[in-house]
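In: My questions are about this predicted structure, shown below with the sequence.
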Amino acid sequence: MAEKLSAVLEREHREIDGGIEEFMAGSGDEPLRRSMAALRRHIYLEERYLFPPLREAGLMMPIMVMLREHGELWKAMDALEQSVADNSDTTANLDQCRDLLALLDKHNTKEEPIIYPHADSDLDDYTSTLLGDFVEEGRMPEGWVCEAAR
């Protein structure tokens, strides 16, 4: 992968936000479905590939915060997806989207400057390759749930 891992992960953040914003602009449910699937996959790749070696490298407290926030995001996604599936009030769905975007902003503004630089500097070559390969073509295991939502 020629591009830095931090840049790829940050781009995923923007794409996820963009899909939620498309849904909010009235583009139908598909952008939201794509964003929710992408966010769940993104959380998986962080918890499976990125966080364990960074925790071992001494980033215990920041990783604990990220894991807790992943649980909050997961629960917010579950609630939003259920609301949309139930054809709930559009205003309520938009409010849930705004709440989710606020959670994402709070999370990403910590994760990007604190965690992601370590993806570029602290991972060994093998882990960097695994993470890069997963970003390009990996799939989250069916039924996987983030650590803090189990």
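Out: Thanks, I have it. Residues are numbered from 1 along each chain as shown.
In: can I assume M24 is in contact with C97?
Out: Yes. Using CB atoms under 8 Å, M24 is in contact with C97, at 5.1 Å. C-beta coordinates here come from the backbone N, C-alpha and C atoms, glycine included.
In: ok, these two, which is more surrounded?
Out: Neighbours per residue (other CB atoms under 10 Å) separate M24 from C97, with C97 holding more: 20 against 16.
In: And the more buried one, which helix or strand is it part of?
Out: Secondary structure from DSSP states H and E places C97 in helix 90-110.
In: That helix: which residues count as buried?
Out: Residues of helix 90-110 classed as buried by neighbour count (16 or more other CB atoms under 10 Å): N93, Q96, C97, L100, L101, L103, L104, H107, N108.
In: Now do that helix, average pLDDT.
Out: Helix 90-110 shows an average pLDDT of 96 in the prediction.
In: list the buried ones in the helix or strand following that helix?
Out: Using DSSP H and E, the next helix or strand after helix 90-110 towards the C-terminus is helix 116-121. Of all the residues in helix 116-121, those buried under the rule 16+ other CB under 10 Å are Y116, H118, A119.
In: rewinding a little: residues making contact with the helix holding C97?
Out: Contacts with helix 90-110, where a contact means CB atoms under 8 Å, 6 or more residues apart in numbering, come from 13, 16-17, 20-21, 23-24, 32, 39, 62, 65-66, 69-70, 72-73, 76-77, 79-80, 83-84.
In: next one: stretch 3-10
Out: The contact list for stretch 3-10 (CB under 8 Å, 6+ apart) reads 1, 42, 46, 50, 112, 116-117, 119-120, 123, 128, 131-132, 135.
In: same thing but 10 Å
Out: Defining contact as CB atoms under 10 Å, 6 or more residues apart in numbering, one finds that stretch 3-10 is touched by 1, 11, 42, 45-46, 49-50, 108, 111-113, 115-121, 123, 127-128, 131-132, 135-136.
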